[in-house]
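Asker: for reference, the sequence and a predicted model appear below.
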Amino acid sequence: MNILLTGAAGQLGTELRPLLSARGNVTATDRSQPDSAPKGWFKLDISDSGKLENLLSRLQPELIVNAAAYTAVDLAETETEAAFSVNAELPAQLAAWAKRNDARLIHYSTDYVFDGTATRPYLETDLPNPRSVYGTSKLAGERALEDAGCKYTTLRTSWVYSSHGKNFVLSMLNLARKGLSLKIVDDQHGCPTSARNLALASNAVIDAWQTAGPAKCNGVFHYCDDRSLSWFDFARMIFNFAVVAGLLDHVPDITPVPSIEFPQPAERPKWSVLDTGRITSVLNIPSASFEHALQTVIDEIRATA
Ligand SMILES: NC(=O)c1ccc[n+]([C@@H]2O[C@H](COP(=O)([O-])OP(=O)(O)OC[C@H]3O[C@@H](n4cnc5c(N)ncnc54)[C@H](OP(=O)(O)O)[C@@H]3O)[C@@H](O)[C@H]2O)c1
């Protein structure tokens, strides 16, 4: 199988690469190129639609996994055009190509498509109402796939982290090493999801095309790991695990604070817990353990420290 992976140097893309390579002939693209870029790496600014079209024509992928995204949530408030280019126009182009060429597309979206006013975990059928440019651009990407009528699966996920890239776990550890007392928001709740578990869920979606049939795999599914937490509780667990692993010598002084004490350019949903019942019941893909995933990531950070 010919596979095109976009965003291959990102958190998710890095975890997808080995899984997809075991399934076929992968061409990996990103704006940057790692020092030890594997065979088949293609450096490309994916918002260049002409170059992307040439690449697609040349590769003729049967599967496109779109892990590329503009994920700078606050910067998106001012870089609207760049956010829409990658989060809305790129998926639209990929979906149109997939429709014309009968390829399958796996795409990713975010809990930030919701406004955070729900009082129970969000279902796929709940009405999105994004409050940020990032969330609005990602919702436009979701809708582009739906409108194109191609064979696609969109996995909506939340609070992605890994032992590499930019994420909350690495930021917290960096701050803790500076020995400062920290104030952490405790009125935003979500489901931290490891990039590896999201990649494994994506791989299971590809298997489900055979087991459940392609029609059942079409549409939006929520996938996140199995625990909902506030940022404060997440930070506390990171620090506890890091102390046990020997990454920190003590848990830093942390204080829970409301979001209002941390004004940010982009509004975040206060509640963005996703209900994962649909992916479990329809595709037989259950949420993986949050604690195990966090432990694994902490161990990997320690191994490279
Ligand atoms: N991170 C989260 O907390 C989170 C939460 C919910 C949903 N998601 C979704 O999950 C998916 C994966 O996220 P992630 O955390 O893996 O994101 P990430 O680490 O930011 O990776 C995205 C990759 O796309 C690349 N990219 C962006 N613009 C590009 C362009 N014009 N040309 C080529 N490459 C470009 C980025 O390169 P640069 O680094 O050079 O920009 C980066 O390597 C995304 O769809 C995201 O929206 C993420």
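Answerer: Received the coordinates, thanks.

Asker: name the nearest residue to the residue in the chain positioned nearest to the ligand, sequence neighbours excluded.
Answerer: When scored by C-beta to the nearest ligand atom, the chain has residue 10 as its residue closest to the ligand, at 2.0 Å. The way it works is simple: take the backbone N, C-alpha and C, and place the C-beta from them, glycine included. Counting by C-beta to C-beta, 6 or more residues apart in numbering, residue 67 is the residue found nearest to residue 10 once chain neighbours are left out, at 5.7 Å.

Asker: neighbours around the one you found, how many?
Answerer: Residues near residue 67, counting by other C-beta atoms under 10 Å, number 27.

Asker: quick one: it from residue 184, how far?
Answerer: 28 Å (C-beta to C-beta, to the nearest Å).

Asker: and residue 279, by the same measure?
Answerer: 30 Å.

Asker: which parts of the chain are strands?
Answerer: Secondary structure of the chain by DSSP state E: the strands cover 2-6, 25-30, 41-43, 63-66, 104-110, 151-157, 160-161, 182-185, 189-190, 193-194, 219-222, 229-230, 254-257.

Asker: pipe the ones you listed into JSON lines and attach distance to the ligand per row.
Answerer: Listed next are the strands of the chain as JSON lines, based on distance: least, C-beta to the nearest ligand atom, whole Å:
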{"stretch": "strand 2-6", "distance to the ligand": "7"}
{"stretch": "strand 25-30", "distance to the ligand": "5"}
{"stretch": "strand 41-43", "distance to the ligand": "9"}
{"stretch": "strand 63-66", "distance to the ligand": "7"}
{"stretch": "strand 104-110", "distance to the ligand": "3"}
{"stretch": "strand 151-157", "distance to the ligand": "5"}
{"stretch": "strand 160-161", "distance to the ligand": "4"}
{"stretch": "strand 182-185", "distance to the ligand": "15"}
{"stretch": "strand 189-190", "distance to the ligand": "9"}
{"stretch": "strand 193-194", "distance to the ligand": "7"}
{"stretch": "strand 219-222", "distance to the ligand": "11"}
{"stretch": "strand 229-230", "distance to the ligand": "14"}
{"stretch": "strand 254-257", "distance to the ligand": "21"}
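
Asker: ok, the nearest residue to residue 235 once chain neighbours are set aside - contacts?
Answerer: Leaving aside its chain neighbours, residue 235 sits nearest to residue 184 (4.6 Å; criterion: C-beta to C-beta, 6+ apart). Contacts for residue 184 (C-beta atoms under 8 Å, 6 or more residues apart in numbering) come out as 231-232, 235, 254-257.

Asker: helices of the stretch 201-305 of the chain, start to end?
Answerer: 214-217, 231-244, 277-283, 290-304 (DSSP state H, counting those that start in this stretch).

Asker: any idea of the mean pLDDT for the last one?
Answerer: Yep, that's helix 290-304 we're talking about. Averaged over helix 290-304, pLDDT sits at 96.

Asker: buried set for that helix?
Answerer: 290, 293-294, 296-298, 301 (16 or more other C-beta atoms under 10 Å).

Asker: again, but for stretch 100-113
Answerer: By neighbour count on 16+ other C-beta under 10 Å, the buried set for stretch 100-113 is 103-113.

Asker: cool, and stretch 119-135?
Answerer: 121-122, 124, 126, 128, 130-135.

Asker: adding pLDDT and distance to the ligand, write those out as TSV.
Answerer: Putting the buried residues of stretch 119-135 into TSV (pLDDT from 0 to 100; distance: C-beta to the nearest ligand atom, whole Å) gives the following:
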residue	pLDDT	distance to the ligand
121	98	15
122	98	13
124	98	15
126	98	16
128	98	13
130	98	12
131	97	15
132	98	12
133	98	13
134	98	8
135	98	10
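
Asker: show me what contacts the residue nearest to residue 148 when sequence neighbours are not counted?
Answerer: By the measure of C-beta to C-beta, 6+ apart, the closest residue to residue 148 outside its immediate chain neighbours is residue 95, 3.5 Å from it. Residue 95 makes contact with 105, 144-145, 147-148, 150, 152, according to C-beta under 8 Å, 6+ apart.

Asker: and residue 95, how far is that from residue 106?
Answerer: Taking C-beta to C-beta as the measure, residue 95 falls 11 Å from residue 106.

Asker: which neighbours do these two have in common?
Answerer: residue 152.
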